[in-house]
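*Asks:* Kindly generate the corresponding structure for this input.
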Amino acid sequence: MTDRVIIQQVLDGDVEAFSCLVDRHYARCTRIAFRILGNREDAEEAIQDAFLRAFKALGDYEDRERFSAWLTRILVNQCRTVLARTKRRDAVFAELDPRRLEFVVAAESDDGTWAELEHVLERLPAEQREAIVLKYADDLTYEEMSRITGAGESALKMRVQRAFARLRALLQEVPSV
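*Replies:* Down below sits the predicted model:
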């Protein structure tokens, strides 16, 4: 069943059908929220609030955009709310064992190797970290990222570019594993 069909069922009065959307999108939302907020409790709070807001606003959803992009926009806004409320705009990601890679980004290198980046992402400013997560963990286009964050595409490209420059510098400081 497509998201569109499930949404129509919910709008037609079958509120239990919304749980199918939650099941389908929960894991992706968890990855995004955890990487933006840095801890499971805050991520869970943002996810629950995002799904609740999505349910309440489902009548406003316009079928011309993917439901996942619409939901991600709600989730990112909830993550920002959590950051602002807890005054942790510079929240760090949870420490991960670099040998147990959960998030990788192709490093710009001559041999095309992949670099382990999770342990250095914590040192990026929140806006750069958010841009990297949306671009590479969720594989969004700059246009989709713009709709989600409210930032212009050129600003987002600059954030990603600056984040990569910072990550390259940070990776040079990290000893090889």
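*Asks:* Can you pull the phi and psi angles for Ala57?
*Replies:* phi -100, psi 10 (degrees, to the nearest 10).
*Asks:* Could I get the contacting residues of it?
*Replies:* Contacts here follow C-beta atoms under 8 Å, 6 or more residues apart in numbering; on that basis Ala57 touches Ile74. In short, each C-beta sits where N, CA and C put it, glycine included.
*Asks:* Distance check, it against Asp138.
*Replies:* Per C-beta to C-beta, to the nearest Å, Ala57 is found 20 Å from Asp138.
*Asks:* Show me where the chain has its helices.
*Replies:* Here the chain has its helices, by DSSP state H, at 3-11, 18-37, 40-56, 67-85, 118-121, 126-132, 142-149, 153-173.
*Asks:* Domain ranges for this structure, per the record?
*Replies:* As given by automatic domain parsing, the domain ranges for the chain are 3-85, 104-173.
*Asks:* Quick check: which ranges of this protein have low pLDDT?
*Replies:* 86-119, 174-177 (pLDDT under 70).
*Asks:* Phe55: how many residues sit nearby?
*Replies:* For Phe55, the count of nearby residues is 13 (other C-beta atoms under 10 Å).
*Asks:* excluding its backbone neighbours, what's nearest it?
*Replies:* Phe18 (5.6 Å; C-beta to C-beta, 6 or more residues apart in numbering).
*Asks:* and the gap between the closest residue to Arg166 other than its chain neighbours and Thr149?
*Replies:* In this structure, Arg166 finds its nearest non-sequential neighbour in Leu124, 5.9 Å apart by C-beta to C-beta, 6+ apart. According to C-beta to C-beta, Leu124 and Thr149 sit 15 Å apart.
*Asks:* One more: Gly13?
*Replies:* According to C-beta to C-beta, Gly13 and Thr149 sit 34 Å apart.
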